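Trainee: Got a predicted model here, sequence first, then my questions.
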Amino acid sequence: MVDMFGLCIQNHDSEPFSFYVYFLYVKSRSDQQLLHGLQYNDTSSCQPEEFNNGLPIVPCGLIAWSLFNDTYKFIRGRSELKVNRKNIAWKSDRDHKFGKHVYPFNFQNGTLIGGKRLDPTVPLSDQEDLIVWMRTAALPSFRKLYGRIEEDLEADDVVVVKLMNNYNTHSFGGKKKLILSTSSWLGGKNDFLGAAYIFVGTSCIFISLVFLLLHMKNPR
């Protein structure tokens, strides 16, 4: 099985103003509206994507408005590889954070389109690309799971990628990468966790040696 990460964005701009804009971006959402839909009226946190033509927007906020909208096709030889886009979001998010009876309403109907459009006949709990996108990353460089290729690929296979480049990253100096990663029972590759474990383990060993030397010098 191959996990296909459809998006890896890197933003190299670290100015304080950019951090402030990022802070406003991650706050521009309404978790209660995602769960209850139009029944929840307090969406002031979603500004400036709160209303359009006097009607509320579901889902509101800049995060949903900027939903990733590049598309990919993978071809091996003469056949197209099927990409499974189900079960890419956390089950806890699907069951408890996005309403099963909440449907997109008045979404991407303004003069400025931010990203992908949503199917108004499908509830938010089944629109997993939205659910994945709404779980914002803590760092400026991040990965988002796009889907899974559930066919075995050999080491020397040539996979041709046909993509529709819709998502604009030039406005904020970002870069996009497409990553194919083999998954295991532990999940996909994650360099950050490995580096973090090595750093924490090394720090613990160093501190223990310091305390050992102090104890040997001044025993109780």
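Mentor: Structure received.
Trainee: Can you check the pLDDT for residue 189?
Mentor: You'll see residue 189 listed with a pLDDT of 64.
Trainee: Oh, that last question was meant for residue 82, not what I typed.
Mentor: Looking at residue 82, the pLDDT reads 93.
Trainee: Cross-check the contact I'm expecting between it and residue 150.
Mentor: Yes - when contacts are counted by CB atoms under 8 Å, residue 82 is listed as touching residue 150 (7.3 Å). (Each C-beta comes from the backbone N, C-alpha and C, glycine too.)
Trainee: Quickly list the domain ranges of this protein.
Mentor: 2-184, 190-219 (the TED database).
Trainee: quick one: buried residues of the longest helix seen in the chain?
Mentor: Under DSSP state H, the helix in the chain containing the largest number of residues is helix 191-217. Going by neighbour count (16 or more other CB atoms under 10 Å), nothing in helix 191-217 comes out as buried.
Trainee: can you map out the strands along this protein?
Mentor: Assignment of strands within the chain using DSSP state E yields the ranges 2-11, 51-52, 55-56, 71-76, 79-81, 83-84, 142-149, 159-164, 174-182.
Trainee: deepest of the domains of the chain, which one?
Mentor: Of all the domains of the chain, domain 2-184 has the most neighbours on average by mean count of other CB atoms under 10 Å, namely a mean of 15.
Trainee: Low-confidence ranges, this protein, go.
Mentor: Within the chain, the ranges that satisfy pLDDT under 70 run 1-21, 183-190.
Trainee: my read: residue 123 touches residue 94, true?
Mentor: No - contact criterion CB under 8 Å: residue 123 and residue 94 do not qualify, at 10.1 Å.
Trainee: how about the nearest residue to residue 96, chain neighbours excluded?
Mentor: Leaving aside its sequence neighbours, residue 96 sits nearest to residue 35 (CB to CB, 6 or more residues apart in numbering; 7.9 Å).
Trainee: Against residue 82, how distant is the one you found?
Mentor: 32 Å (CB to CB, to the nearest Å).
Trainee: Could you pull up the contacting residues of the residue nearest to residue 117 when sequence neighbours are not counted?
Mentor: Ranked by CB to CB, 6+ apart and with sequence neighbours excluded, the top spatial neighbour of residue 117 is residue 108, at 4.9 Å. Residues near residue 108 by CB atoms under 8 Å, 6 or more residues apart in numbering: 65, 114, 115, 116, 117, 118.
Trainee: thinking again about what came up before, what separates the residue nearest to residue 96 from residue 196, distance-wise?
Mentor: Residue 35 is 32 Å from residue 196, by CB to CB.
Trainee: wait, residue 57 sits on residue 48?
Mentor: No - Residue 57 is beyond contact range of residue 48, at 10.4 Å (criterion: CB under 8 Å).
Trainee: Please report the distance of residue 214 from residue 201.
Mentor: Distance from residue 214 to residue 201, by CB to CB: 21 Å.
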